[in-house]
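**Q** coords please:
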Amino acid sequence: MEAFVTAHMAQMGLSAPRSAQFSEVMHMCPFMAANWSARRATLQLMKQQQRRRAGAGVQMLFKEDAKEPYASALDRALAHLRSEQQTPRPEHAAPSVCPLSGAQLSPDEAKHSFAVDVSKLATSSEENLRGFIKARGSLVPMEEETFFFTGNIYAVVEGQRQKLLFKFDGYNIARMVPVEGGWRMLTREVGIYKDPVTNEIIKSTWRNPLTDEDNEVVHVWNDPVNQQFLLKTDRGEWGVPTSTVDGDVFWNAEVFLKYASPLPRAEFPEHSASDMYESSELFQFYTKVEDLENRDMPSAPCNISWVRISQWLPWMQMGSRPGQLLYHCRGKKLMNGFNDIPQDIKDYLVEMRRFEFFSAPAEMERPNETTWTYFKKMLMQKGAPRADGTVAKASPKHSQHPRESIQSANELGAEDRLAATMQSATSSAAALRRFTRQSLAEYDGSDLSKPILLSVAGRVYDVSTGRHHYRKGETYNCLTGRDSTLAFATGNLRIYEQADQAFMGAAELDLLSEAKKADVQNWVAFFDKEYKLVGELVDF
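**A** Residues are numbered from 1 along each chain as shown. Down below sits the predicted model:
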C-alpha cells in the first residue's frame with residue numbers, strides 16, 4: 001500500500017510521505033488496507049497537505065518580501081501558488097467493498113458499492129440521502145468537492161424596472177463526514193461581486209444606483225457554512241424531492257429562512273431592513289441516472305441552478321427602503337476541484353490573503369458565518385455601533401476591515417499583545433478588587449442597588465453607564481455577572497442560553513488561533529477605553 005501511494009505521488013510530482021505520515025493516514029479509515037477508498041482518501045489527504053503547504057508558502061513569500069514592492073511579491077506568490085496547484089485528480093478505481101459504515105448501507109446493498117438505486121429515491125430515505133450525498137459531494141468520507149457558480153444580482157423595487165447591480169461569481173468547497181444516522185457537510189464559501197459591464201472584481205467602493213452614494217463592498221467570506229443531513233429528525237424522515245426524466249434526475253431543495261436578524265434595526269438603522277432576517281433560497285441539482293447508478297463513481301457530476309430572494313445587503317446602507325435583491329445563478333461541480341476555480345478569483349484570494357478558502361474545513365469548529373454576522377463583526381471592530389448603543393466615528397484605530405485588523409494583529413503578534421494587556425492589568429492589580437466567578441454573578445443587574453459588571457479575559461468592568469443596554473431584559477444582559485470571553489471569542493451572544501455555565505478561562509484562551517486572540521484583544525481594548533476597570537477575576 002505504501003509503495004502504491006509513493007508511486008502515485010511520484011506521478012503527481014509530490015515527494016514520498018514520511019512513514020509517520022503514512023501510518024497516520026492509514027489509521028484514519030478502517031478500509032485503508034483493502035480497497036479503493038484507502039487509496040483515494042490517502043491521495044486526497046496528501047493533496048490537501050500540499051495545498052496547505054502552498055498557502056503557507058505564499059504567506060512566507062509575503063513575509064520574506066516585506067520590503068519588496070507589493071506587485072512584485074504578489075507575482076512571485078501567484079507563481080508559487082500556480083505551480084503547486086497543477087496536480088490532476090487521480091482516476092477513480094473500482095473499489096472492492098463499499099467504504100461506508102453499516103449505518104449507511106445494509107450488507108446486501110454494500111456489494112453494489114457506490115451505486116444508487118434511482119428507482120428508490122422517492123420511497124427510501126436511505127437511498128435518497130445516499131444519492132443526494134453523491135450528487136452534492138462524495139460518498140468517500142472527507143473527500144473535497146467544489147461547486148462553482150456564476151450569475152447576476154438584480155434590484156427589485158415595486159413600480160420600477162428591475163436593475164442589474166452585479167455579476168456574482170463564487171464557489172463552495174465541501175467535504176462530507178459520516179455521523180450517526182446520516183452525514184455532516186463541512187464547507188466554506190466565497191462570493192465575489194463584479195462590475196456588471198466590465199466583469200471585473202469590485203475591490204473598493206461601488207456607486208449605489210439606488211441611492212447615488214458610494215458603498216464599501218464587502219464580499220462573501222463565509223467560514224464555515226456547515227449542515228447536517230440526518231435520516232430522521234423531529235421534523236420527520238429525510239427526503240429531497242426528485243424528478244426523473246429521460247435519463248436525468250433533478251433534485252429540488254427550497255429553503256425559506258426567517259429568524260431574528262443579527263443586525264437589529266434599533267442598533268443598525270442604516271444596515272438593516274428589519275429586525276427579522278428573511279430570504280428564500282431555491283436550489284436545483286441536475287444529475288444523470290447512469291452516474292448515480294455507477295458502482296465505481298463515488299461523486300456524480302452535477303450541475304446546479306440557484307435563485308435567491310433576500311433583503312438588501314447590509315453594506316449597501318439601504319436601511320428600510322422598499323425592495324429586495326434577486327439572485328439568478330447557475331454552476332456545476334468542478335471535476336478537478338479547487339484547481340478549476342477561475343484564475344481571477346484565485347488571484348484575488350491570494351491578494352486578500354484568504355488562504356483558508358483553498359480547502360474545506362476538516363472539522364466542525366465554530367458556528368456558521370453569514371453575510372449578516374460577518375458584517376456585524378466588521379462594524380464591531382470598527383467601533384460602530386458600540387456595545388452600549390453609541391455609534392462611534394471610524395478612527396485609525398477602529399477603521400480596518402475585519403480581515404485587515406486580524407492580519408495586523410497577527411503581524412504584531414496577537415498573543416504577545418494580549419499577554420501585554422493582561423500584564424498591565426496585573427501590575428495595577430493592587431488598586432483593583434478581586435472577584436471570583438461566584439461573587440461576580442451578584443452583579444448581573446438583578447439588584448438595582450449594585451453596579452452592573454462583566455469580565456473580559458479576566459478583567460472586570462463596570463458597565464453601569466450603559467445600563468440601558470446591560471440591564472435585565474436588554475440585549476447585552478447575557479454578558480453581565482460573568483466572564484464573557486467565550487461570547488466575544490465566538491461572536492455568539494446566545495451561547496449562555498444554550499449552556500449557562502459555559503466558560504473560557506486562561507488555558508482555553510491560550511489555545512485560540514491568532515485571529516481569535518486578536519478578536520479578544522480588540523474587545524479588551526474597547527472596554528478599557530469605554531468603561532472603568534474595577535477588578536480582576538482570580539479564577540480566570
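
**Q** test my guess that residue 328 contacts residue 307.
**A** Yes - with contact defined as C-beta atoms under 8 Å, residue 328 reaches residue 307; the gap is 5.8 Å. Where you see a C-beta, it was placed from the backbone N, CA and C, and this is true even at glycine.

**Q** those two: which has the busier surroundings?
**A** Set residue 328 next to residue 307 and count neighbours by other C-beta atoms under 10 Å: residue 307 wins out with 16 against 13.

**Q** what's the distance between that one and residue 148?
**A** As judged by C-beta to C-beta, to the nearest Å, residue 307 and residue 148 stand 17 Å apart.

**Q** do a quick rundown of the helices in the stretch 351-500 of the chain.
**A** 371-382, 402-412, 414-427, 437-440, 467-470, 485-490, 495-498 (DSSP state H, counting those that start in this stretch).

**Q** helices or strands up against the first one?
**A** Judged by 3 or more C-beta pairs under 8 Å, 6 or more residues apart in numbering; DSSP states H and E, helix 371-382 is in contact with strand 220-222, helix 402-412, helix 514-530.

**Q** swap in 6 Å and give it another go.
**A** Contacts defined by 3 or more C-beta pairs under 6 Å, 6 or more residues apart in numbering; DSSP states H and E place helix 371-382 against helix 402-412.

**Q** so for the helix it packs on, mean pLDDT?
**A** Taken as a whole, helix 402-412 carries a mean pLDDT of 39.

**Q** and if you look at stretch 496-504?
**A** Averaging pLDDT along stretch 496-504 yields 75.

**Q** do stretch 165-181 as well
**A** Across stretch 165-181, pLDDT averages out at 96.

**Q** contacts for that stretch next, please.
**A** Around stretch 165-181, the neighbours that count as contacts under C-beta atoms under 6 Å, 6 or more residues apart in numbering are 133, 137, 141-142, 144-151, 153, 155, 183-194, 196, 199, 230-231, 341, 360.

**Q** in PyMOL, how would I select the buried members of these?
**A** The PyMOL selection below is limited to those of the contacts of stretch 165-181 classed as buried (16 or more other C-beta atoms under 10 Å):
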select buried, resi 133+137+141+142+144+145+146+147+148+149+150+151+153+155+183+184+185+186+187+188+189+190+191+192+193+194+230+231+341+360
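
**Q** now intersect the contacts of stretch 165-181 with the strands, please.
**A** Judged by DSSP state E, the contacts of stretch 165-181 include 144-151, 153, 155, 183-194, 230 as members of strands.

**Q** give the buried residues for the helix or strand encompassing residue 507.
**A** Element membership for residue 507, per DSSP states H and E: helix 506-510. Neighbour-count burial for helix 506-510 flags residue 509 (criterion: 16+ other C-beta under 10 Å).

**Q** about what we covered before: worst mean pLDDT among the helices of the stretch 351-500 of the chain?
**A** Minimum mean pLDDT among these: helix 402-412, a mean of 39.

**Q** domains in the chain, by residue range?
**A** Per automatic domain parsing, the structural domains of the chain span 2-84, 107-380, 383-537.

**Q** and residue 181, how many residues sit next to it?
**A** When counting by other C-beta under 10 Å, one arrives at 15 neighbours for residue 181.

**Q** and the gap between it and residue 481?
**A** Distance from residue 181 to residue 481, by C-beta to C-beta: 38 Å.

**Q** and for residue 451?
**A** Residue 451 is 11 Å from residue 481, by C-beta to C-beta.
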